[in-house]
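K.L.:
Structure for the following, please:
(2 chains)
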Amino acid sequence: MPITRRQVLKQLLFVSAGSVMIPSCLLLPLKKGIKLKHISVSDDQEMIFASFADTLIPKTDTAGALEVHADLFVWKMLDDCTAKEEQEIFLKGMNAFSAAFQLQNKQFFHNASSFEKLLFLEQLETSKESQKPLVLFYRNAKQQLIQAYTGSEFFMTNIQVYEQIPSRFHGCVPISNNPIKKS
Amino acid sequence: MSDNTNNSKNKKSFDAIVIGSGMSGGWAAKEFTEKGWNTLVLERGRNVEHLKDYPTTNKMPWEFEHRGQMPLEITQANPIISRCYAFKEDAAHFFVKDQDHPYQQNQPFDWIRGYQVGGKSIMWARQTQRWSDFDFDGPARDGFAVDWPIRYKDLAAWYSHVEKFVGISGNKDGLSILPDGDFLPALELTCVDHYFKEVIQKNYQNRHLIYGRCAHLTEPTALHLAQGRGQCQKRNLCQRGCPFGGYFNSNSATLPWAAKTGKMTLRPFSIVHSIIYDNQKQKATGVRVIDSQTKEMVEYYAKVIFVNAGALNTNLILLNSTSSRFPAGLGNDNGLLGKFMAFHNYRARINAIHEGHLDSTTDGRSHTSAYLPRFRNVEQQETDFLRGYAAGFSSYRSVVKNSNGLGQTLKMNLAKQELGPWRVGSHMMGETIPKSSNQVSLHPSLKDQWGMPQLNINIGYDENDEKMVKDYLEQMTEMFEKAGFTNIKTSDSKQAPGLDIHEMGGVRMGKDPKTSLLNEFNQLHACKNVYITDGACMTSTSTQNPSLTYMALTARAVDHAVRNRGI
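P.N.:
Numbers count the residues shown, from 1 in each chain, chains lettered A, B, ... in the order given. Modelled structure (predicted):
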């Protein structure tokens, strides 16, 4: 079927692109400034969030958040599809995040070592203070990045394959016969 | 102009004029042209050609700028259309934006419109059930509206005629409340649908869960292949327009069929201003059209005029068609034009968890769900409200997303897809009672950008609707409990009328010209060469999704018009 061929081709293209993939630290934005319509984001904020995304979902043997531009997609959704109050909460949370990191590590998040960054996110991941603005920001940002990542072409063609044309419906199949449903 | 256009652009006289190219207008076009009548089809919006004008149809989810979500700027500027479930990045271009086509709401009413060739048939939800005499008998038995001038026997053959061409997937269920039709094979129900069906069967005599009949080509016949349509591929992206023609819309089926006869002239960008009435001939002679691009007024003439503009716009056109003979609108001798509107009550929902059947799931995608036909007040009145409701029922295996952890751990968790329990849900489709106070009228001064009067819409719920919402939730909760479903949650969205997109009435059929506008063949009592066969003609609403009935009424009315040679 033509679509299947197309999907296969796309996967091949991805694989060949992957073979020349550069280390993810070089994928961090070079202070070019992303173009947004409604909110303004400083170079530092952009760098910090990219670094956050890279720490949360790093490049391993598969693409990470930065390769699929998950951070840029989160900015876009924040800019185009998010209410003003929510935008402000996000940006304030981001600043609180940055300030808290600097206080603890005496440097910007994106300049820190992977170990320091991971350690800091671990603290937030396991924090019990669920109403603290910093923790709220972490959880929201993480959720947004996950959505951006799992909705990306890479994820939907390689990890959990989206089938546009199933051409079938079976109302009742045993789980063992369903390859993607093994847990 | 479109490829479907024949003859010269300057042609002004036709055998028939059809106003509107949606669900019922497409059928009028097909039937007239097949019978050899030169037919002008007027569409207020742009042309949408099958395949060519479905810009999003093959897009992958990640190819949409916002992955389907509408930008806030658009939803804030267009609050009404943004409440429609299908107004998403993949189909938004088929819906009317609030700002472009304003109307006045005396009570909240979400008027959902699709102004293009094909109308809302492009984005419809494709559910198709026949009416039975339990529905046609309703008003007479229960003493509301007026008696329908037709019964099931008058429409049965026309239902078949339409079903064979459209292609309806369904089972012969043998239910008197929901007559069987000419069906293509049904898809499977899910394991949990089957389970719930058995629970209902065991506990209730007159409740039956069935496969929801729908306009999909599960196994196309020669007639469907001749239309250039093919088998439904279970994509469930129908609202974008289907590259396979797997579901029915005007664009893939009736309009190209009509174009092939060489008898159809399709004129997009044509807003009908009014119907021209000739006092001496005592009939309608044509229509006045505003070209939406040049704003020029043009007249076209024909023996017969079919108004299929969509229920509310059909009312608007008739109200705007004034003359010395009909100062209050065409055919409106009794002052009832625009009154006794009704709709379907979709307010209530219920959902729950089913903890059984954990060893099974579904595979692929279904384009429909299970359906529970009306069981309230069927044989006799048994509740403190009139009529009843049908219900959709769906079940699916949930997927648990694990987003715990960081880095490599998180990536591994995201890659896994663990199954959660089955989730079940249902929504109501309640009959509403047409009332004189539920009405539309022309605003005395406000106009749209083409100088057409804006519509005043005054349609609301009543006590009967409130009782029905309550009963639906009680009865469904009881059925869910009998099935052992857990974590049952009910909700009443309180959504405004209109969002059901099943607005009906205003030009109702009836036996008596004193109390109705249309006769048993959908002709205006007072102007017999004008036929109304869209939602505006409906005397009552029953609970069925209405499109199939509009199509059958249309085919029957064209047959009548042609037999009578336009009177």
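K.L.:
can you give me the helices for chain B?
P.N.:
Taking DSSP state H, the helices of chain B run over residues B:23-34, B:72-77, B:79-82, B:133-136, B:138-142, B:152-166, B:191-203, B:222-226, B:254-260, B:311-320, B:407-415, B:463-482, B:547-563.
K.L.:
now for the third one, which elements pack on it?
P.N.:
Helices and strands in packing contact with helix B:79-82 are not found; criterion 3 or more Cβ pairs under 8 Å, 6 or more residues apart in numbering or on different chains; DSSP states H and E. Just so you know, the C-beta spots here come from the backbone N, C-alpha and C atoms, and that holds for glycine as well.
K.L.:
Alpha carbons of it, as PDB, please.
P.N.:
What follows is helix B:79-82 as a C-alpha-only set of coordinates in PDB (Å, rounded to 0.1, in the frame of the first residue of the first chain):
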ATOM      1  CA  PRO B  79     -16.600  31.500  20.600                       C
ATOM      2  CA  ILE B  80     -19.700  29.900  19.000                       C
ATOM      3  CA  ILE B  81     -18.000  27.800  16.300                       C
ATOM      4  CA  SER B  82     -15.200  27.000  18.800                       C
END
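K.L.:
Show me which positions of that helix end up buried.
P.N.:
For helix B:79-82, burial by neighbour count (16 or more other Cβ atoms under 10 Å in any protein chain shown) applies to B:80-82.
K.L.:
Starting from the helix-or-strand element of chain A with minimal mean pLDDT, tell me the next helix or strand along the chain.
P.N.:
Each helix and strand of chain A was given a mean pLDDT (mean pLDDT, DSSP states H and E); the minimum falls on helix A:2-19 at a mean of 41. Per DSSP states H and E, the first helix or strand lying C-terminal to helix A:2-19 is helix A:43-56.
K.L.:
quick one, longest helix in chain A?
P.N.:
helix A:84-105.
K.L.:
and the helices of chain B, which is most packed in?
P.N.:
helix B:23-34 (a mean of 30; mean count of other Cβ atoms under 10 Å in any protein chain shown).
K.L.:
ok, which stretches of the stretch 51-200 of chain B are strands?
P.N.:
B:104-105, B:168-169, B:183-184 (DSSP state E, counting those that start in this stretch).
K.L.:
got the buried residues for the longest helix of chain A?
P.N.:
Buried residues in helix A:84-105 (16+ other Cβ under 10 Å): A:87, A:89-91, A:93-98, A:100-101, A:105.
K.L.:
Phi first, then psi, for B:Ala253.
P.N.:
Per-residue torsions, B:Ala253: phi -120, psi -80 (degrees, to the nearest 10).
K.L.:
Not counting residues beside it along the chain, what's closest to it?
P.N.:
Once flanking residues are discounted, B:Ala253 sits nearest to B:Gln227: 5.2 Å by Cβ to Cβ, 6 or more residues apart in numbering or on different chains.
K.L.:
Give me the neighbour count for that neighbour.
P.N.:
Using other Cβ atoms under 10 Å in any protein chain shown, B:Gln227 has 22 other residues around it.
K.L.:
now do B:Lys514
P.N.:
So B:Lys514, with other Cβ under 10 Å, has 11 neighbours.
K.L.:
Let me have the helices of chain B in TSV, adding distance to B:Gly335 and mean pLDDT as columns.
P.N.:
Below are the helices of chain B laid out as TSV (distance: least, Cβ to Cβ, whole Å; pLDDT from 0 to 100):
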stretch	distance to B:Gly335	mean pLDDT
helix B:23-34	26	98
helix B:72-77	38	97
helix B:79-82	29	98
helix B:133-136	25	98
helix B:138-142	20	98
helix B:152-166	28	98
helix B:191-203	46	98
helix B:222-226	45	98
helix B:254-260	35	98
helix B:311-320	11	98
helix B:407-415	64	96
helix B:463-482	24	98
helix B:547-563	24	98
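K.L.:
tell me the mean pLDDT for the longest helix of chain A?
P.N.:
Average pLDDT, helix A:84-105: 95.
K.L.:
Mind giving me the packing neighbours of it?
P.N.:
helix A:43-56, helix A:70-81, helix A:114-125, helix A:133-150.
K.L.:
hang on, the earlier thing: of all the buried residues of helix A:84-105, which comes closest to B:Met479?
P.N.:
A:Ile89 (42.5 Å; Cβ to Cβ).
K.L.:
The closest one and A:Ile39: what is the separation?
P.N.:
12 Å (Cβ to Cβ, to the nearest Å).
K.L.:
cool, B:Leu455 as well?
P.N.:
B:Leu455 is 39 Å from A:Ile39, by Cβ to Cβ.
K.L.:
Which one's more surrounded, those two?
P.N.:
Shown here are B:Leu455 and A:Ile39; by other Cβ under 10 Å, B:Leu455 has more neighbours (25 against 16).
K.L.:
Setting aside sequence neighbours, what's the nearest residue to the more buried one?
P.N.:
Per Cβ to Cβ, 6+ apart, closest to B:Leu455 is B:Tyr103, 4.6 Å.
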